[in-house]
Structures are given as structure tokens and as C-alpha cells.
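> below is the structure, and that's it, no one-letter string:
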């Protein structure tokens, strides 16, 4: 396809320089610089002849960005922006066709494929008007022909909607983050500080920070920081909206919206507001819901009574469609008025005037008034309503996802305030205890006395070190102190163009409606002429003095001929021609006037009845089309509003996001220096933390981040337990309910276990009853046999449905089995032999603790959730590791130690084939909390991240999990045949869930709390 559609001939030297400068930046691959030049020029020279060429360059940038983008959502946004740029001049139609075809292919939507066909034909028509073509033009013509053929083939084949898995847009992280050695050194330094020093650490001198920025980022950085601090202090806000087009900053949303609509054409402005599609008011819409919809027997006819049920069905279908249109915000006043025309026409047969209906009884103001209509009219209404589309496949949700990926990466959780003298930045005191889960989307600035502000701040753990070392706020594409305007400039302008393209589409719909109304006005004029002639006939004596309607309309067309340039006159001629020729539908081809008049005069002997019938039919068809256009206009307007809101979100900029990276760098430099100085001085600040003495855990326990859960719980004799239940009045139903929950938990846990291939195979080999009958060695029989065995076992008689106890009960039951094969199976497949080692950082003592056996680990769900919310893109095994690092072991004073708390190292020499993770939940988690916890889980984990002594990439994959729903019923989610399925207790069928992302959604939407995670070695 050609590089430029045509060459602009201009003498403006400044314009030449701008075009050359933007072209140079594009040639160097710096599209942001090119966009800065283009956007700035267009913003101040909108009517300049060079603006069209710069818009073409802008479209080229977006088209190239779309080809580079890995994320399909972002690719779509850039293509839609390119379409608007190429739509502004007919000379760009070939590029517009290619971009529209790309949109149609991405979305699988015929909407854009049809538009691509229109633009391709437009371009080919222009090229056909040329005599000879250059080789470049000929190549372009062939390219467009290929686009045309491909688009037509896709539509003919019924191109399906293509659903892709949206990728998370990953920022290009900086490479100069601190090394592991530096971080560990900083962690040790932090753990040695007392509480007061830690609190003082949160107070940052603005003067020192500014000096650091000037040293590392020069004068530009110093000025940028001064501007940020000045803005935050004066506006008392970190967040604001920036127009990337003209660099203006706004601190109120209302003013920013007005600016975009007024200066950047993000709202369609019709020539007359009268004909814009409007939603029905809330009162009329509310009547659809509350009032009754029963047929009204206007003619008191017995036939209607007989067919009452049929009428009820019609009315209910209409009601449901109207409710749907209200919900989707596409029920227009035009559609309402169109329905009321049926009522007025119908009741006119019973001598009820329009004035009575609209003014006296005001029946037309209620939607239920259509209950007066006969079946034929109701069927007409229903047919049209069924033809209305409630959704427009224009990809607005794709743009929303693309914007989300950019917007979410700039959101900040940490509050940053000032002291009352504006001399210090006060970091969020929650960083001392790492409790920041929610984003701070307000960005308000407060002013405190530092001593009072941090007085009650509890300093525990060393998570702030991880926060300092986290470089997720760094992005190589935008780094301090680059101008704020350049942040996400390309996608911002692309979405702005997408909004403008929607306004252009709305303008096209509006023009079509005006054309239909003009055509209808021509038909009304024709009717008025006929009525006038009919009145004249009543006063004349002889028939030869009367004119036929067709002849009369022909004479009127001759008079209109003089106003040949009048658009309304042309529409009148079209409407008269269609009426006399009994056209099947309205046409707007604006033919040659002479030919049109000749065809009209050729039908001057047409009967009056045929003329009136034809006019009435055409008016009815026009009314139908106007009602449909109104709903389409509202659909487009809904898309515009959604895209406009996306643009608003993309315009948000948070100065905290801007300065967090240099602020962390400043902290790391300062704290590293302080750490070195303390080591040189041989000093160590006192440790003010409360530690629990280390207690040696019992054998065969599941490790917990706070304690160990014993497998062998206190057993109670069955008879004593039964007697105890009898002695508690009113508790029998509770006992039965608990037993039912226990059965459900047992059943689902067993199903989850049997989904582990290696375990199922070993059990089928070792269970004697199954060996005796090889034909019955099927999973269903194995499950039934084992469940029956467990339910009669003393070890699992408790009515507890605690996940850890259930797993332990099952494994203990097998472990205590008389069969040596089964006992060794549990040891071989599940048992984890773990050594806990501690090397005291103070006295260097290395106590030896005995080996501990466990079946896995137990973790608090809320701890997992909090860490995921705090760190964002963090793996599940790293979350588990961080939680376990909170438990420290005291250097035992009894054995000659110093009493210092130290990090525990977990070491294993081999991994069992099966690894179990149990999550402990509170009782009243919200749907959001459950969803956030589920998002923290991973279907594959690296055990070498959790335990020392293993080779790297010792991967385990999740094969099944057990969760508990709101009704306390347990459910098993199992991975079978490349997909996840859901299995419920006492259910006869399995429920297809899908991929891992679907499992996460399933847990969130169904409020299923994952409790038991069963991982199997990947090898």
C-alpha cells in the first residue's frame, strides 16, 4: 500500500519544519516524540491545511503500534485510533479500509468488515476514474482489492466472534534494582533497628530528597520534583487529570469533561437538538415494571376473549423487550411515539380523537395503553422490537480492557502526606506493618505532626524492605523526570481518536435520520395536496374540473423543479416517484431531475386509491426506520460514553507514581549508607520485638506459619460421645448437620485425592477387595470402597469439617491400616521429611534440631490475600515463603545461645510425589476477598522456592482442590483431560469449569473458599 495518498503543496516554512520533524522522529522509531510534535501542532492549528497530513502521519503511527503490540486489546485500540485519523480525508480511504479490516478480523465483527468493504469500494471507484496508474498506485489498488475480497469472504462465511485470552500488559522493568545481597543486608539492618528509629525512617526530608534528585537527575529532575511537591501542597491532591493534547491539568472532573467535549470534539453536536435520539424518562420507564400488562377488550368481542392467552403472551413478550431496552439504555422517545401511533390510529376507529388521548385522558403517557390494541398491531410492534439489537459489536469492552491494563499499572496504594511546615514527606505508616491492601484512588494530601502521626504505628516484620526493593512502579517507557504529558501518550491519543470516531458514526446516523424525516415531510406534503384536492372536489359541479392525485403531484414536482438545488425539493421528488411507482421501500438515490419527472408524468393516470395506499405504506416504513435509527443512535451514544469514561481514566495521573521510584532509590542509597556506618562503628540498635520461644513440633504434623497442627487429635470413645450428645438437649439436629458436612467434606476430599494419578494407581494395586475382582477396578468402585471404609473408621468419626483435620484423618486412617503396602504408600507419596536449621547472626551458633515429618503446610487465607494485594505480581510459592519467614526461632539460651531471633531455613533432601497445602479461612469473607485470595493461587509452583536442598525448578502442578461454598457444602475441582471440572457431593453430573482463569472466576462468583490444594510432581 502506498506511503502517502497525496502530496500537500504549501509555502508555510513552519509547517514544513513540523512535517519534517515528525517524519524524522518516525524514521528513528521514536513514536512518542513524533506524536508530541503532531498533537501540539494539530491542537493549535486545527484548520491548517497541513493538519490533514499530520493526522495521516498520526494514523500511520497507530497502525505501526498495532502491529508491534502483543496484547490484542491494545492492538485493537491503536487500530480504532488509526481508523479515525484515516477517516478525516477521502484521500486516506485505502488506509482506512485496511485498518477497518484489521478491526473486523480482531473482533470477528461484521460491523467493521462491512465498513471496510465500503471504504475499499470508495477507493477503487476513485482509482477507476484515473486514466493510467503508476506502478505504486497499481500495487495499492491490488492491495485494496485483496482487502475487499477477504472482507466479503469473511462475511459470507459468517465470521465467528473471536474470543482471545487478554494478556496482562507487562511493564519493562528497570534493570538497576538492588541485588539479593544488598536486600538481605538491608533486611538485617532493618531488623536491628528499634521502633523509634523505624518510625523516624518514614519521615523524608524534602531538602535532602531534592538534593539527591538534582545530583542523579540534574536540573530537569530538580525542577520536576519542585513542581510535584508544589502542586501537592497547593492542591492538596496527588492525583489529577491531564489532557495529553494540550498539556492542561485539571483537579476537578467536571471541568476536565467540559474541556474534552469543547476543545477535542468528544461529544457529537447536532445541527438541531430536536431530532437527536433521547431516552424515555424514568417515569415512563418505571411504568413498564410496576403496572399490569393485561389485554383490554376494546370492541367487547367474543373472539378476543377466546384468544386471551395469546394476547397475554404477546403483551408479555413486548414488556420483556421494553424492560431489556430500558436496562441497556436504548429505549428512545422515538420508539415510544412510534408505538403510540398504533394506539391513536386504532382508537380512531372507535371515534376517540387524538386530542382526547394526548390532552384530556393522556392515555398515550402510559406504556400499558398498547393493551388496547388488536392482535395484528401487537404483532407488528413485536416484530420490530425483535429486530432491535441490544449490543453493538464495536469492541468497546476491548478498549476498556486495554485501558485497564494501563490504568492499573499507575495506581498507588501508599499514602504520602506532609508535615505542617512542608519540610518533610511522611510515608504511609501502614508500610511498617504491611497492611496496605486497597488502592488509594483519592490521592488526598494531609498535613500532620510527624511525632503524633507515627506515635501509635506498630513496627513489625521487615516487609518494608521488600517494598523498597520492589521495582514494579518502574517502567522504562516512562521514567522520572520525563514530562508528564508523554506518559501513555500514544494510547491516550488513540483512545481520544476512538471517541471522535464514535462521534463521527453518531453524526452519520443523525444525518440518516434527517434524511428519513425529510422524505417523510415530502410524503406529508403529498398527502396535504391530495386532501386539498379532495376538498376542492366537494365544491365543484362537473367532474372534468377535478384532477387526479397522480397528475396533481406531477404538477407540483414541476414547480419544485425550479428549486433544483434544494435538498427538500429533491426528497419530495424521490417520495412522489416512489409513491407513484409503488416502490417496495424508500429510496434516496437522487436521480436526474429530467428522468425523474418523465417517470412521474408517465404515471399520471394512476388511481387515487393506489396513490393514497402507496403513500400510507411508505410513511409506515419510514416511521419504522426512524424508530430503529433512534435505537442505533442510543447504542452508539452508549459506546461513546463508555469510551469517553475510558479516556477519563487514562487521563488520570498520580504524582506519587511519578516520584515513588526515585524516592525508593533515595531510601536504598541512604539506608545502605547508614547500615555500613553502623557496622563500622560496631554498634547494633536494640531489637524491640516480642518473640515466642521455639517449641519442637510433634512428628507427623502439618506445618503452619504460626503453629503445627497435630494429626492425632484427642479421641473420644464413641459411646461417651454419643452419651454426651444425648445429654445436650436441642443438639441432635446440630449433630446431624455436622455429620452431613463431615460426609460432604470427606467425600469431596477423597475425590480430590483420587484425581492424583499416582495415588489412584497405587491404591488399585494394593486394595485386596479390588484385586480379587479385576473387572471392578474402576475409579467409582475405588471411591465408594474407600469412602465406606473411612466413614466406619474411628479416626474420622468427628463431625468436624476442618480441612486440615479431614486430610490428616484420611491419611492417618490409611497409615494405621494393617496392610503394610498401604502404610508405606502414605509415607512414600505424602510424607515430607523436613529439617529446620538456624544460624544465629549474632553468636554464630548452629543448633541441630531433629527431623520433622509432615504432609504439607497450613496457611492463613487472609495472610495470602494481604500479601497478594500488597505486592501484586508475586508468585504463590513466594507468598508462602514470605509468610513462613515471619516465624523466627530464638537462639536457645539453655544451650548457650544468645536469645536473638533468627530466620528459619527449611531443608529437605527429597520431595514426595504429592504436596498438600491447606488454607485456613475466617467465617465471613466477602465475595471480593474470596476472589482476591483465589487470584493469589497458582496451578504450578516451584518447590525449590519453598525448601532448600532441592534443584531449581522442582515444579509441582495442581491436580485438584477442595473448596467450601456459602451453604457449607464442599466441592471438588479436578483437572481432567486438559480442563477443570466441578464435582459436588451427591451430584450425578460434573460441571465444566474451563481453564485456570475460569477456576479463579468460579471461586469468586460462587463464593467457594479453596481449602485443600493437592499438587503432584510435574515429572
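Sure thing, it's come through. Note that the structure is a prediction, hence the values are computed from the model and not measured.
> which element is the most centrally placed residue in the chain on?
What sits nearest the mean C-alpha location of the chain, by C-alpha atoms, centre = their mean, is residue 401, with 4.7 Å. Assigning secondary structure by DSSP states H and E places residue 401 in helix 396-408.
> buried stuff in that helix?
396, 398, 399, 400, 401, 402, 403, 404, 405, 406, 407 (16 or more other C-beta atoms under 10 Å). All C-beta atoms are positioned from the backbone trio N, CA, C, and that covers glycine.
> distance to residue 437 and pLDDT for those residues - can I get that in a markdown table?
Converted to a markdown table, those look like this (distance: C-beta to C-beta, whole Å; pLDDT from 0 to 100):
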| residue | distance to residue 437 | pLDDT |
| --- | --- | --- |
| 396 | 30 | 90 |
| 398 | 29 | 93 |
| 399 | 28 | 93 |
| 400 | 24 | 93 |
| 401 | 23 | 92 |
| 402 | 26 | 93 |
| 403 | 23 | 93 |
| 404 | 19 | 91 |
| 405 | 21 | 88 |
| 406 | 22 | 90 |
| 407 | 19 | 90 |
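> wait, which of those is closest to residue 521?
residue 396 (34.5 Å; C-beta to C-beta).
> which ones are touching the closest one?
If you count contacts by C-beta atoms under 8 Å, 6 or more residues apart in numbering, residue 396 has them with 639, 642, 643.
> what do you get if the cut-off is 10 Å, keeping everything else the same?
80, 498, 502, 638, 639, 640, 641, 642, 643, 646 (C-beta atoms under 10 Å, 6 or more residues apart in numbering).
> the third one is in what secondary structure piece?
When you say that, I think you mean residue 502. Here residue 502 sits within helix 489-539, counting by DSSP H and E.
> now that helix: average pLDDT?
Over the span of helix 489-539, the pLDDT mean works out to 92.
> list the buried residues in the following helix or strand past that helix.
Where DSSP H and E defines the elements, the next helix or strand beyond helix 489-539 is helix 549-560. If you call a residue buried by 16+ other C-beta under 10 Å, then helix 549-560 has these buried ones: 549, 550, 551, 552, 553, 554, 556, 557, 560.
> so who does the first one touch?
Spelled out, that is residue 549. The contact partners of residue 549, by C-beta under 10 Å, 6+ apart, come to 526-527, 529-531, 533-534, 579-580, 604, 606-612, 615.
> for PyMOL, what selects the buried ones among those?
Buried subset of the contacts of residue 549, written as a PyMOL selection, criterion 16+ other C-beta under 10 Å:
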select buried, resi 526+527+529+530+533+579+580+604+606+611+612+615
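> and residue 901, what are its bridge partners?
residue 890 (DSSP bridges).
> where along the stretch 1-150 of the chain do the helices fall?
Along the stretch 1-150 of the chain, counting by DSSP state H, counting those that start in this stretch, helices occupy 13-27, 31-44, 49-68, 72-87, 93-107, 110-128, 135-156.
> to residue 319, which of those helices lies closest?
Once the helices of the stretch 1-150 of the chain are compared by C-beta to C-beta, helix 110-128 is nearest, at 29.1 Å.
> show me what the closest one packs onto, helices and strands only.
When contacts are defined as 3 or more C-beta pairs under 10 Å, 6 or more residues apart in numbering; DSSP states H and E, helix 110-128 sits against helix 72-87, helix 93-107, helix 135-156.
> now render the ones you listed as TSV, adding mean neighbour count and mean pLDDT.
Output for these, formatted as TSV (neighbours: other C-beta atoms under 10 Å; pLDDT from 0 to 100):
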stretch	mean neighbour count	mean pLDDT
helix 72-87	27	94
helix 93-107	25	92
helix 135-156	16	90
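> and residue 571, which of those is closest to it?
helix 72-87 (26.3 Å).
> just want the angle from that closest one to helix 31-44.
40 degrees (axes from the mean of the first three to the mean of the last three C-alpha atoms, to 10 degrees).
> quick one: low-confidence residue ranges for the stretch 851-1000 of the chain.
986-989 (pLDDT under 70).
> repeat that for the stretch 651-800 of the chain.
670-742, 765-800.
> again, only using 90
661, 664-800 (pLDDT under 90).
> how about the stretch 351-500 of the chain?
Low-confidence segments of the stretch 351-500 of the chain, defined by pLDDT under 90: 351-375, 391-393, 405, 408-410, 429-438, 455-482.
> now do the strands in it.
Using DSSP state E, counting those that start in this stretch, the strands of the stretch 351-500 of the chain run over 416-419, 424-427, 447-448.
> adding mean neighbour count, write the ones you listed out as JSON lines.
JSON lines is the format used below for the strands of the stretch 351-500 of the chain (neighbours: other C-beta atoms under 10 Å):
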{"stretch": "strand 416-419", "mean neighbour count": "20"}
{"stretch": "strand 424-427", "mean neighbour count": "20"}
{"stretch": "strand 447-448", "mean neighbour count": "14"}
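> out of the ones you listed, which is closest to residue 894?
strand 424-427 (40.6 Å).
> show me what the closest one is packed against.
By 3+ C-beta pairs under 10 Å, 6+ apart, strand 424-427 packs against strand 203-205, helix 206-235, strand 416-419, strand 447-448, helix 450-454, helix 655-681.
> which of these has the highest mean neighbour count?
Highest mean neighbour count of the helices and strands packed on strand 424-427: strand 416-419, a mean of 20 (counted as mean count of other C-beta atoms under 10 Å).
> distance from the chain centre to that strand, please.
Offset of strand 416-419 from its chain centre (C-alpha atoms, centre = their mean, to the nearest Å): 33 Å.
> that one pairs with which strands?
strand 424-427 (antiparallel), strand 447-448 (parallel).
> could you dump those strands into JSON lines and include distance to residue 59?
Shown next, in JSON lines, are those (distance: least, C-beta to C-beta, whole Å):
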{"stretch": "strand 424-427", "distance to residue 59": "43"}
{"stretch": "strand 447-448", "distance to residue 59": "48"}
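> between these, which one is closest to residue 960.
Distance to residue 960, taken as C-beta to C-beta, is lowest for strand 424-427 among the strands paired with strand 416-419, at 43.3 Å.
> what's in contact with the closest one?
So strand 424-427 is in contact with 201-209, 229, 232, 414-419, 445-450, 453-454, 464, 467, 659, 663, 667, going by C-beta under 10 Å, 6+ apart.
> what do you get if the cut-off is 7 Å, keeping everything else the same?
202-206, 209, 414, 416-419, 448, 450, 453 (C-beta atoms under 7 Å, 6 or more residues apart in numbering).
> gap between it and the chain center?
34 Å.
> off-centre distance for the helix or strand encompassing residue 807?
Per DSSP H and E, residue 807 falls inside helix 803-815. When C-alpha coordinates are averaged (C-alpha atoms, centre = their mean), helix 803-815 and its chain have centres 41 Å apart.
> likewise for stretch 493-513?
For stretch 493-513 - counting by C-alpha atoms, centre = their mean - the centre lies 23 Å from the chain centre.
> what of stretch 374-383?
With C-alpha atoms, centre = their mean, you get 40 Å for stretch 374-383.
> buried set for that stretch?
Residues 374, 377, 378, 381, 382 are the ones in stretch 374-383 that count as buried (16+ other C-beta under 10 Å).
> how's the chain carved up into domains?
As recorded under the TED database, the domains making up the chain are 13-157, 282-296+306-328+331-387, 511-629, 825-1017.
> residue 272: which of those domains is closest?
domain 511-629 (8.6 Å).
> what's the first-to-last distance across that closest one?
10 Å (C-alpha to C-alpha, to the nearest Å).
> 7 is where my numbering starts, stick with that
Taking 7 as the first residue, the last one we looked at is domain 517-635.
> one step back: how about TSV for the strands of the stretch 357-506 of the chain, with distance to residue 491 added?
Shown next, in TSV, are these (distance: least, C-beta to C-beta, whole Å):
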stretch	distance to residue 491
strand 422-425	22
strand 430-433	24
strand 453-454	29
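> to residue 76, which of those lies closest?
With distances scored as C-beta to C-beta, the stretch of the strands of the stretch 357-506 of the chain nearest to residue 76 is strand 422-425 (33.3 Å).
> identify the residues contacting the closest one?
239, 244, 430-434, 451-456, 662.
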